[in-house]
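Participant: Sharing a model prediction with you, sequence too.
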Amino acid sequence: MEELNQSILGISTSIEALRSYIPKVAASEAPVLITGETGTGKESIATNIHLLSRRRSGPFVAVNCAALPSSLFESEFFGHERGAFTGAVTAQKGWAVAADCGTLFLDEIGEMDMQSQAKLLRFLENGQINRLGSTRQVSSDVRVVAATNQYLEELVDEHKFRADLFYRLNVARIEIEPLRERPEDIGILFEHFINEMKGRTGLQVAEPDNELIECLADYQWPGNVRELRNLVEAVFIDPPRGRFQVCHLPSSFQRRLSEHHYNAPDERESLIAALKLTNWNKAETARIMKLSRMSVYRKIEKYQLSTER
């Protein structure tokens, strides 16, 4: 069995639990639902599940559901025959067949419209495909891993996501904590990305000093791991000479650090205030606090606020 990808780095309790759980999920054939804010590395987790599974020699096909219009879903997902519609000059097998004997990764599944959800559910139930323009059914054996930065349970309550599809996908559930909730991982990831960039560019950067690591650990990271990786890439455009300090970070990021330090409120009190202001509307609270709804739910549980309403 292959080892976990190095992208799952950290010493936090949640990351340790994640590293322990992923091989168990990979060994099963159960559908997987990965949840977490944008930039937390959901596709990386899905890739690891694929590489550790018995399907690792098969294809890994990633589909961005948010970028797929309803009018194109059937053609792109299930494929079509030549001449099936205007512009279909060649046949196309579709993602579901392309992923046969492998893993189909459905990113941003919460963005899929209800009509497309119904068609996806039918395929998940029987593994059968009808290409546009064909009367012959085709089978495809795929393992589905879905991901979202939304709180699907709430979308189900709002009738924006099918309950039956949610239950079909929500078998093995993996929740990735945002970076700000595991600050002990930030220094490890930062140094990993520095070493990664050294290898890619051949440029050298000295070890970061303690003040820099402390500042990074205190920052909220709205873009999560992706934002941290991009920060390191920006540093290597004009790498510092000598000890790596806060002053060597891009000026735009230094301003964000200063603003965060100056404006940093008590998180629990801020959350209570926002919830009261919105009459406990989680979606509106998330908008005010510039968080995902999933993060709002997590923080309500973290601070045990459900009993205070």
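Facilitator: Perfect, I can see it now.

Participant: tell me which residues of stretch 149-168 are tucked away?
Facilitator: Asn149, Gln150, Tyr151, Leu152, Glu154, Leu155, Val156, Phe161, Arg162, Leu165, Phe166, Arg168 (16 or more other CB atoms under 10 Å). All C-beta atoms are positioned from the backbone trio N, CA, C, and that covers glycine.

Participant: Could you check the pLDDT of the third one?
Facilitator: Looking at Tyr151, its pLDDT is 90.

Participant: and the gap between it and Leu33?
Facilitator: Using CB to CB, to the nearest Å, Tyr151 is found at 12 Å from Leu33.

Participant: ditto for the first one
Facilitator: Using CB to CB, Asn149 is found at 12 Å from Leu33.

Participant: do the fourth one as well
Facilitator: Distance from Leu152 to Leu33, counting by CB to CB: 7 Å.

Participant: which residues of the stretch 101-250 of the chain fall in strands?
Facilitator: Taking DSSP state E, counting those that start in this stretch, the strands of the stretch 101-250 of the chain run over residues 103-107, 128-130, 137-139, 143-148, 172-175.

Participant: Any chance of the ones you listed in CSV with distance to Ile188 as columns?
Facilitator: Below are the strands of the stretch 101-250 of the chain laid out as CSV (distance: least, CB to CB, whole Å):
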stretch, distance to Ile188
strand 103-107, 26
strand 128-130, 44
strand 137-139, 44
strand 143-148, 23
strand 172-175, 20
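
Participant: Out of those strands, which is closest to Leu257?
Facilitator: Leu257 lies closest to strand 172-175 among those, at 27.8 Å (CB to CB).

Participant: Poorly predicted segments of the chain, please.
Facilitator: 1-7, 80-91, 131-135, 260-265, 307-309 (pLDDT under 70).

Participant: Just list the residues touching Leu68, thanks.
Facilitator: Glu76, Phe77, Met112, Ser116 (CB atoms under 8 Å, 6 or more residues apart in numbering).

Participant: my read: Ser292 touches Glu37, true?
Facilitator: Yes: using CB atoms under 8 Å, Ser292 makes contact with Glu37 at a distance of 4.9 Å.

Participant: what's the overlap in contacts for these two?
Facilitator: Asn149.

Participant: how far is stretch 167-185 from where the chain is centred?
Facilitator: 9 Å (CA atoms, centre = their mean, to the nearest Å).

Participant: surely Ile109 meets Thr148?
Facilitator: Yes: with contact defined as CB under 8 Å, Ile109 counts as touching Thr148 (5.1 Å).

Participant: mind listing the helices for the protein?
Facilitator: 13-27, 42-52, 70-78, 95-98, 114-126, 152-157, 163-169, 186-201, 210-218, 224-235, 251-263, 267-277, 282-289, 293-302 (DSSP state H).

Participant: May I have the longest one as CSV, with CA atoms only?
Facilitator: In this case it means helix 186-201. Output of helix 186-201 as CSV, limited to C-alpha atoms (Å, rounded to 0.1, in the frame of the first residue of the first chain):
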residue,chain,number,x,y,z
ILE,A,186,1.0,26.5,9.9
GLY,A,187,4.7,26.5,10.5
ILE,A,188,5.1,23.0,9.3
LEU,A,189,3.2,23.7,6.1
PHE,A,190,5.1,27.0,5.6
GLU,A,191,8.5,25.3,5.8
HIS,A,192,7.3,22.5,3.5
PHE,A,193,6.2,24.9,0.8
ILE,A,194,9.5,26.8,1.2
ASN,A,195,11.4,23.5,0.6
GLU,A,196,9.1,22.7,-2.3
MET,A,197,9.9,26.0,-3.9
LYS,A,198,13.6,25.6,-3.3
GLY,A,199,13.4,22.4,-5.3
ARG,A,200,11.4,23.9,-8.1
THR,A,201,13.4,27.1,-8.5
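
Participant: For that helix, give me every contacting residue.
Facilitator: Counting by CB under 8 Å, 6+ apart, 6, 9-11, 179, 203-205, 207-208, 213, 216-217, 221, 225, 228-229, 232-233, 235-236 sit against helix 186-201.

Participant: and it, which residues are buried?
Facilitator: Ile186, Gly187, Leu189, Phe190, Glu191, His192, Phe193, Ile194, Glu196, Met197.

Participant: Roughly how far does the closest residue in space to Leu277 that isn't next to it in sequence sit from Val232?
Facilitator: Nearest in space to Leu277, with sequence neighbours left out and distances taken as CB to CB, 6 or more residues apart in numbering, is Ile288 at 7.0 Å. Distance of Ile288 to Val232, computed by CB to CB: 31 Å.
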